[in-house]
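1. The following comprises the amino acid sequence and a computationally predicted model.
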Amino acid sequence: MQADWDDLRVFLTLAREGSLTAAARKLEVSHPTIARRVKALEMAIGARLFDRLPDRFVITPAGEGLLADVQSMERAAESIHRRSANLGDTAHGVVRLSAGEAMTAFLARSLPLLRDNLQCIEFELNASHMLANLSRREADLLIREQVPDLGSIVSRRLGRAAYAIYGAATLPAAKGEAADDRLRAMTWIGFDDDHAYMPGQAWMRDLLDGKKPIIRVNNWLVLQEAVRSGTGVTVLPCYLGDADPGLRRIGGVLEDVAADQFLLVHRDLRSLPRIRAVMDAVIRLFHEQRPALEGKAPKAARRPGSRDAA
């Protein structure tokens, strides 16, 4: 059998996605291209690989037999791609760094610190809740609150982010404003059900006796904007809320709400000079900004971006 790798890659994607539409979207090609390559592969193998149903493609026993081999080929190709990056011993090139949108905003504000002495490295910041696939180089470095149970991933704990209650800067201050009864009477803004796992959401619902916040979003930065508008109050990471002059903290740091931050890298990439250089810069940034991350920095020093901050 002489099978083209592009045909095999289309077969693998269709097996994973289950439909021409999803596979075409994933590979950024047309439906006819997917159908043509699958047909060419079936002719080369001499067996039908999918049963075509009205709403999906179902892999056949022959396809199942091929799938394991193609998955092994994919892992080998990914390994070659990762290892080839190490052949150029240079601190030049692109480094893709992925984090949640709140942490990405913190990194964006901190770019002067991150890029200090790294002017030859191009930075790509990707804001996403999803765990990017390091094996496929969807990102080079991740900052996440959990470490996945994957042997290929190396992690480094960066520190702990504190959380507090924030309202608009125009919200009048009141004596004893952090008392539970006064807090319950406020208009609360939080995350929707799909994002109820976000830090602070369980604390908020406990405060509200199990009720949902009146306004719900799916993004930290949208949440920040909603609070800045004066619509209500919410729980935000201190590194986000304290750095915003349009917000003010209500009460102190919430002792029951915190999130560890981990730097994740694929073990094949951690010694690559440009990756190592950015890892060191991120570790240094978190060390320097520890007071801001823990909600302990003076108000004037909470916004990173200069060597004088924190």
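-> Nice, thanks for sending it over.
2. Counting neighbours, what do you get for residue 248?
-> For residue 248, the neighbour count with other C-beta atoms under 10 Å is 17. Backbone N, C-alpha and C define where each C-beta goes, glycine included.
3. And the closest residue to it other than its chain neighbours, how far from residue 209?
-> Distances taken as C-beta to C-beta, 6 or more residues apart in numbering put residue 169 closest to residue 248, at 5.0 Å, once the chain neighbours are dropped. Here the criterion is C-beta to C-beta, to the nearest Å. By it, residue 169 lies 29 Å from residue 209.
4. Ok, residue 164 next?
-> In terms of C-beta to C-beta, residue 164 sits 21 Å off from residue 209.
5. residue ranges of the helices in the stretch 101-250 of the chain, please?
-> Listed in chain order, the helices found in the stretch 101-250 of the chain under DSSP state H, counting those that start in this stretch are 101-109, 111-114, 180-184, 201-207, 220-228, 238-241.
6. just those: most buried one?
-> helix 238-241 (a mean of 25; mean count of other C-beta atoms under 10 Å).
7. Mind giving me the packing neighbours of it?
-> Using 3 or more C-beta pairs under 8 Å, 6 or more residues apart in numbering; DSSP states H and E, the elements in contact with helix 238-241 are helix 101-109, strand 153-168, helix 220-228, strand 247-250, helix 290-293.
8. Which one of the ones you listed lies nearest to residue 34?
-> When the helices and strands packed on helix 238-241 are ranked by proximity to residue 34, the top entry is strand 153-168, at 31.4 Å, counting by C-beta to C-beta.
9. neighbouring strands for that closest one, and are they parallel or not?
-> strand 234-237 (antiparallel), strand 247-250 (antiparallel), strand 258-266 (antiparallel) (DSSP bridges).
10. Please produce JSON lines containing the helices and strands packed on helix 238-241, extended by distance to residue 282 and mean pLDDT.
-> Output for the helices and strands packed on helix 238-241, formatted as JSON lines (distance: least, C-beta to C-beta, whole Å; pLDDT from 0 to 100):
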{"stretch": "helix 101-109", "distance to residue 282": "8", "mean pLDDT": "96"}
{"stretch": "strand 153-168", "distance to residue 282": "7", "mean pLDDT": "96"}
{"stretch": "helix 220-228", "distance to residue 282": "19", "mean pLDDT": "97"}
{"stretch": "strand 247-250", "distance to residue 282": "25", "mean pLDDT": "95"}
{"stretch": "helix 290-293", "distance to residue 282": "12", "mean pLDDT": "95"}
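11. would CSV of these with distance to residue 69 be doable?
-> CSV is the format used below for the helices and strands packed on helix 238-241 (distance: least, C-beta to C-beta, whole Å):
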stretch, distance to residue 69
helix 101-109, 38
strand 153-168, 25
helix 220-228, 43
strand 247-250, 55
helix 290-293, 47
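12. quick one: low-confidence ranges for the stretch 201-310 of the chain?
-> 298-310 (pLDDT under 70).
13. Pull up the distance across stretch 200-219, start to finish.
-> Start to finish, the residues bounding stretch 200-219 are 14 Å apart (C-alpha to C-alpha, to the nearest Å).
14. ok now it, how far from the chain's centre?
-> Put simply, stretch 200-219 sits 22 Å off its chain's centre (C-alpha atoms, centre = their mean, to the nearest Å).
15. which residues touch that stretch?
-> Residues outside stretch 200-219 that contact it (C-beta atoms under 8 Å, 6 or more residues apart in numbering): 101, 163, 180, 183-184, 187-196, 223, 226, 231-232, 234-236, 254, 256-257.
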